[in-house]
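Enquirer: Requesting a structural model of the entry that follows:
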Amino acid sequence: MATFAERMVPVLVLWLAVCLTGTWAVDRGNFKTCDQSSFCKRQRALKPGESPYRALLETMELTNTRLTLQLINDNNKVRLLLELYRLQGNITRVKINELKPLKPRYEVPDVLIREPPTEPLSLLSQDENGVVLSLGSESQRVIISARPFRLDIMEGSDVLMSLNSRGLLTFEHLRMRKDTFSYKVTSTVASVWDNIKRVFSSQADPEADKKEETDPANQAETTKEEEEKVEDGMWEEMFKSHSDSKPNGPSAISLDFSLPGVEHVYGIPEHADTLRLKTTENGDPYRLYNLDVFQYELYNPMALYGAVPVMLAHNTQRTTGIFWLNAAETWVDISSNTAGKTVFGKMLDYVQGSSETPQTDVRWISESGIIDVFLMLGPTPKDVFSQYASLTGTQSFPPLASLGYHQCRWNYNDQEDVQSVDAGFDEHDIPYDFIWLDIEHTDGKRYFTWDPHKFATPKEMLQGLKDKKRKLVAIVDPHIKIDSNYKIHNEIRSRGFYVKNKDGGDYEGWCWPGSAGYPDFFRADMRAWWASMFAYDKYEGSMENMYTWNDMNEPSVFNGPEVTMHKDAVHGAWENRDVHNLYGLYVQMATADGLTQRSGGVERPFVLSRAFFAGSQRYGAVWTGDNAAEWDHLKISIPMCLSLGLVGMSFCGADIGGFFKTPSTELLVRWYQTGAYQPFFRAHAHLDTPRREPWLFGPENTALIREAIRQRYALLPYWYQQFYHAHRTGDPIMRPLWVEYPQDPATFAVDDEYLIGRDLLVHPVTEEGARGLTAYLPGKDEVWFDVHTFQKHNGAQNLYIPVTMSSIPVFQRGGSIIPRKVRVRRSSECMEHDPYTLYVALNLQRTAEGELYIDDGHTFNYERKEFIHRRLSFAKNILSSVNLAPDAQFTTRSWIERVVILGASKPSKVTLKTADGQDSQLEFDFDASMSVLTLRKPGMNAGADWTVMLQ
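Expert: From the prediction side, this is the model:
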């Protein structure tokens, strides 16, 4: 029987969690503002002006692959080393580090998929004021100005981007603390040596002493040292009751970027804010620091669970990107010379001939590390996606089943509960693929275990799901219960795999199990060991239809500063301060490796992670964390996932219904309708909320939810095709309208509707009590078809749409062909051999094209060319299917059951010609009122060549 203390641990942990959350709302006092983060306050106090840095042109070295150049800070004489690279694919890389640091500064590993390949740089001109370098094409060049240091990238006569144009480059050099014994010894020796040198030099030059006294550089240095003595937070910092020892002292870096002609910038997730980033002059900068923020506030720049330091800038002429590769706490300031101007004010400027060009200025501030920035020069949105993908990789290609519906809550109580919920889906004829288990399924929050009473025979439960072609996800968090009877803990401790505290002992904090250790995922040997724990013979009770969820991996430490790990905790040679934002990436990486390795490298993994960084897209899915059952939280899920998609992370979703609180029935239905058209589709709810399985709200609402989920399943072939495309190219799946309509300013700030791929436009209903909404249909020469009614609408218009509770406004772009599978099954795997219906939407030129991608849905065999990839096209009244991958080998039993052509004319006859030369007449129906032609049961194999002719 458990001791009283053991029984009290969950109670105390829940009490602590409730204290952190107040009344299930974020306590902003738990999290720092810029003024409470000493390095941010220190850097932000510096105002734009002339930079103290100048380029020492005489130190320039130019090889075929890089330029190096020293910079000097004229205030303190500290030298920096600038490295500049021209990379393949129209990317410029700029690195700045101390020339001779006291100790190495952290450079982020494992995020780039390889050392980026370079292209030659060539010198165009040089004088005492600076140098001009060619970036390949004659029109694109880099200008480095010497005094003050400034770097401009130009194309023709246009400045694309400027670095340090506002003089905000800062590099706090590593130094010894002045009140330490070692510093006093060192400085005493140095002082004696200086005196000896002075004696000899003054004998040779009697004016030397006078010169040294009046040397402005020495005066500046003395002044600087005096300033540094009084700066708070440089060598130790307090936040609430927590002390940060800062053994390396101040080490912050900062650099400003100017973007002429730009008014719209995007990215730098994760924030619960609009798609278009706001200016920050009148508040805090956007913060990037992975934190466990309970029920976060909306429309502010507070840090959340993940951090991707990538920003995109867009105007009608060009899209560019900035990738700031730094894993420390980072703040991003944004200012604009057009911020706050009304449309009327801008029109007045135009009428009066105001010559001020719009410009956005961005300043990045990080606590430590080096400046390592990739300037992605586009020029198109898809060029920027490709450029970023070439650096950090693309979205992993998930198992097809993971694109279906996921049913989750904290917690399904026991095996009988799981079986009951599973049966409920069958009883109500609602498809689903995954049921999820949260922390209560374990034996006392010991991960990789099962509660021996509630989940006594997990394989029996998993087999029951497998028999229905369904799957399960179980949570594995990275905080390990400190318990000498717990095998996982004992092994991690014996191998020395825990993160260390500043004094060298194992770091301990409080989380769900009570006192917990935190595995050091920055160690490759630790990650390899963690991965090995997912083997079927190590993770008892696991089977091939069980997958994993990594929560709390910011990491969350309930009794830590800002509910996370102390910055002076130690990972090998580095402080958590240097590496913090990488922790979640490494947890997901090791977990995904484990799921892959357990099958001998055959099966694709599925891993959901709450924390993330640049590159996390390679390892699985993410979600928007602990949201609330409120209408504004439903609305914010759209820009949050759009922002993630822009920086490579396409597999995104939000907890359907809201994690905290209880949704009204209307909100729950609308959330299902929205979530069905977002990449990751999972319902989830807090322990204290009433149950909310889809059938618990009366037959009418069950029917509405069922229909939304069925719409998702019908579109699975299209979703899967979009994930394949994202995996190959880096293009986002759920994308803002401006990505496809980059020259239409009306799309630039739209974030209540979006595209799935190129061809589906979705405007979910996210207003309470809505009776109608206005959707913007882009494209001056486009037409759009309502996917439910087949009504045709012209592009480049705001369309008012009356809505009822059953409405999900979705439009198919004229000129596209979308495959669907419309037969209702219990899960995606049950649909494997089902036939396809092709929806052919004609444009104004009466043409259309699309693709059909098919593979086994779960293995890596597609990498060995085991797939079908076909081009579908309609032109001159001929619909055809052509093989896009003649060297690929795969067969399918699926066939084409129906073809629906929108915007068609009535033919006199329809003829099918198959690859063997056989002709046959097809039956068809024509709806003249809607111009819809339906071809019945043409019957050709989905993987074959065929042609259908309308005559």
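
Enquirer: and the gap between the closest residue in space to residue 729 that isn't next to it in sequence and residue 726?
Expert: What sits nearest to residue 729 in space, not counting adjacent residues and going by C-beta to C-beta, 6 or more residues apart in numbering, is residue 386, at 6.5 Å. Where C-beta positions appear, they are placed from N, C-alpha and C, glycine not excepted. Using C-beta to C-beta, to the nearest Å, one gets 12 Å for the distance from residue 386 to residue 726.

Enquirer: Which of the two has more residues huddled nearby?
Expert: residue 726 (28 against 18; other C-beta atoms under 10 Å).

Enquirer: pretty sure the more buried one contacts residue 733?
Expert: Yes - between residue 726 and residue 733 there is a contact at 5.2 Å, judged by C-beta atoms under 8 Å.

Enquirer: Can you pull the residues that touch both of these two?
Expert: Jointly contacting residue 726 and residue 733 under the rule C-beta atoms under 8 Å, 6 or more residues apart in numbering are 395, 650.

Enquirer: Would you map the strands across the stretch 601-750 of the chain?
Expert: Assigned by DSSP state E, counting those that start in this stretch, the strands in the stretch 601-750 of the chain fall at 607-609, 621-623, 652-653, 681-683, 734-735.

Enquirer: Tabulate these (a markdown table), appending distance to residue 379 and mean neighbour count.
Expert: Shown next, in a markdown table, are the strands of the stretch 601-750 of the chain (distance: least, C-beta to C-beta, whole Å; neighbours: other C-beta atoms under 10 Å):
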| stretch | distance to residue 379 | mean neighbour count |
| --- | --- | --- |
| strand 607-609 | 33 | 26 |
| strand 621-623 | 29 | 28 |
| strand 652-653 | 26 | 26 |
| strand 681-683 | 34 | 24 |
| strand 734-735 | 18 | 24 |
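
Enquirer: Relative to residue 896, which of the ones you listed is closest?
Expert: Among the strands of the stretch 601-750 of the chain, strand 681-683 comes nearest to residue 896, with 26.5 Å by C-beta to C-beta.

Enquirer: For that closest one, enumerate the helices and strands it packs against.
Expert: strand 405-407, helix 665-675 (3 or more C-beta pairs under 8 Å, 6 or more residues apart in numbering; DSSP states H and E).

Enquirer: Residues contacting the last one, please?
Expert: Just to be clear, that refers to helix 665-675. Helix 665-675 is contacted from outside by 629-631, 634, 637-638, 653-654, 656-658, 663, 681-683, 692, 694, 697-698, 701, 704-705, 708-709, 764-766, 768-769, 805, 808, using C-beta under 8 Å, 6+ apart.

Enquirer: Can you point out the buried residues in stretch 926-935?
Expert: Buried residues in stretch 926-935, counting neighbours by 16 or more other C-beta atoms under 10 Å, are found at 930-933, 935.

Enquirer: Regarding the residue nearest to residue 729, what is its secondary structure?
Expert: Judged by DSSP: H, G, I helix; E, B strand; the rest coil, the three-state class of residue 386 is helix.

Enquirer: That one is in contact with residue 89, isn't it?
Expert: Yes - the criterion here is C-beta under 8 Å, and residue 386 meets it with residue 89 at 6.7 Å.

Enquirer: still on that earlier bit, tabulate the buried residues of stretch 926-935 (CSV), appending pLDDT, distance to residue 377 and secondary structure.
Expert: Formatted as CSV, the buried residues of stretch 926-935 follow (pLDDT from 0 to 100; distance: C-beta to C-beta, whole Å; DSSP: H, G, I helix; E, B strand; the rest coil):
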residue, pLDDT, distance to residue 377, secondary structure
930, 98, 46, coil
931, 98, 44, coil
932, 98, 45, strand
933, 98, 46, strand
935, 98, 47, strand
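
Enquirer: From residue 321, how far off is residue 377?
Expert: For residue 377 relative to residue 321 (C-beta to C-beta), the value is 8 Å.

Enquirer: So between these two, which is more surrounded?
Expert: Neighbour comparison, residue 377 and residue 321: the larger count goes to residue 321, with 26 against 22 (by other C-beta under 10 Å).

Enquirer: Report the beta-bridge partner residues of the more buried one.
Expert: Counting by DSSP bridges, residue 321 forms beta bridges with residue 312, residue 376.

Enquirer: who touches it in this structure?
Expert: By C-beta under 8 Å, 6+ apart, the neighbours of residue 321 are 267, 310-313, 374-376, 378, 384, 387-388.

Enquirer: show me where the stretch 551-700 of the chain has helices.
Expert: 576-579, 583-597, 631-646, 665-675, 699-714 (DSSP state H, counting those that start in this stretch).

Enquirer: Looking at those, which is nearest to residue 419?
Expert: Per C-beta to C-beta, nearest to residue 419 of those: helix 699-714, 19.9 Å.

Enquirer: okay, the closest one in PDB with CA atoms only?
Expert: What follows is helix 699-714, C-alpha atoms only, in PDB (Å, rounded to 0.1, in the frame of the first residue of the first chain):
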ATOM      1  CA  PRO A 699     -28.800  13.800 -32.000                       C
ATOM      2  CA  GLU A 700     -28.800  17.100 -33.900                       C
ATOM      3  CA  ASN A 701     -25.400  18.100 -32.800                       C
ATOM      4  CA  THR A 702     -24.000  14.600 -33.100                       C
ATOM      5  CA  ALA A 703     -25.100  14.700 -36.800                       C
ATOM      6  CA  LEU A 704     -23.400  18.100 -37.300                       C
ATOM      7  CA  ILE A 705     -20.100  16.800 -35.700                       C
ATOM      8  CA  ARG A 706     -20.400  13.500 -37.700                       C
ATOM      9  CA  GLU A 707     -20.700  15.400 -40.900                       C
ATOM     10  CA  ALA A 708     -17.700  17.600 -40.200                       C
ATOM     11  CA  ILE A 709     -15.600  14.500 -39.400                       C
ATOM     12  CA  ARG A 710     -16.800  12.700 -42.500                       C
ATOM     13  CA  GLN A 711     -15.900  15.700 -44.600                       C
ATOM     14  CA  ARG A 712     -12.400  15.400 -43.300                       C
ATOM     15  CA  TYR A 713     -12.200  11.700 -44.200                       C
ATOM     16  CA  ALA A 714     -13.600  12.200 -47.700                       C
END
